[in-house]
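1. take a look and give me a structure for this.
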Amino acid sequence: MDEAKPQTLTPPRPLEPRQSAIIVGASSGIGAALARRLAAEGYALGLLARREQHLQRLCAQINTAGAGQALCFLHDVLATADVPALFQKVCVALGGLDLFVYNSGTQYPNDADVFSAENDLHVFRVNLLGAATWLNLAAERFQRAGAGHIVGIGSVAGDRGRRGMPAYTASKAGLHTYLEGWRNRLARHGVAVTTIKPGQVQTALLKNADRERGPIPVEAAADLIWQAIRQRRATAYVPARWALVGWVVRHLPGFIFRRLNI
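-> A predicted model of the protein is given here:
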């Protein structure tokens, strides 16, 4: 993105208010599909990710489609010191903020024979710690406004610690609890907080699973997430069948769960 040529949005039409959203982790997978879905609903989008070419391609697709509009901003969620200024920059460029989505995530292959503190720390920094700066800023802004919606993309894997990916499951469990805390704080101020728990989705991360368990297309996942946003759900499993799976997994005795190949 050329800093010498500031990105701008076409002003909204009179009497036709436009919703605006930030998606952190938007260059591919669920983030990109959700960006396209929100754009189809007429949103003005601030899209953030590390991969410039992917991000530019997505913004070009959205801006030529004719419904919503998108602005692109390069960002690595590990660069937490950059977040406060970047958050303000994106909000100003969008002319406000109604919806914030934290979708950044990483996962290493499901392998119970690997021991790597370096890998685990990286997973925690991206999946959980990277959310902290962004969510605090969004929460503060929305609380002051008495309105707004925060969405965090977790995982069904966060419902129980898995032997092949303890860091990933812990990071998602932490994100779920973190979002619940924000929900309990912000609900009295008119702010919604939604935790999305996808099952397997056809994204690049699927290659790290030990096996496939009925993955759904990324566009289908985005449609279901959009439904959860419209309904201001507290928690939504994507697709809904994973809610039953999650309930069973959470209630299995530990000695049984340890024997399962998951």
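
2. low-confidence stretches in this protein?
-> For the chain, applying pLDDT under 70 flags the ranges 1-6, 13-16.

3. tell me the centre residue of it?
-> Computing the C-alpha centroid of the chain and ranking residues by C-alpha atoms, centre = their mean puts residue 103 first, at 2.0 Å.

4. which residues of the stretch 1-150 of the chain fall in helices?
-> For the stretch 1-150 of the chain, the helices defined by DSSP state H, counting those that start in this stretch cover 29-40, 52-65, 83-94, 117-124, 130-145.

5. okay, stretch 242-258 in CSV with CA atoms only?
-> Extracted in CSV, the C-alpha atoms of stretch 242-258 (Å, rounded to 0.1, in the frame of the first residue of the first chain):
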residue,chain,number,x,y,z
TRP,A,242,-20.5,-29.0,16.6
ALA,A,243,-22.5,-27.7,19.6
LEU,A,244,-23.5,-31.2,20.4
VAL,A,245,-20.0,-32.5,19.8
GLY,A,246,-18.7,-29.8,22.1
TRP,A,247,-21.1,-30.6,24.8
VAL,A,248,-20.2,-34.3,24.7
VAL,A,249,-16.5,-33.6,24.7
ARG,A,250,-16.7,-31.1,27.6
HIS,A,251,-18.6,-33.7,29.7
LEU,A,252,-16.5,-36.7,29.1
PRO,A,253,-14.6,-37.9,32.2
GLY,A,254,-10.8,-37.2,31.9
PHE,A,255,-9.8,-40.9,31.9
ILE,A,256,-12.1,-41.5,28.9
PHE,A,257,-11.0,-38.4,27.0
ARG,A,258,-7.3,-39.3,27.4
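
6. and for that stretch, what's in contact with it?
-> 156, 159-160, 163, 197-199, 237, 260 (C-beta atoms under 8 Å, 6 or more residues apart in numbering). Every C-beta, even on glycine, is put in place using the N, C-alpha and C of the backbone.

7. now list the buried members of the residues you listed.
-> 156, 159-160, 197-199, 237 (16 or more other C-beta atoms under 10 Å).
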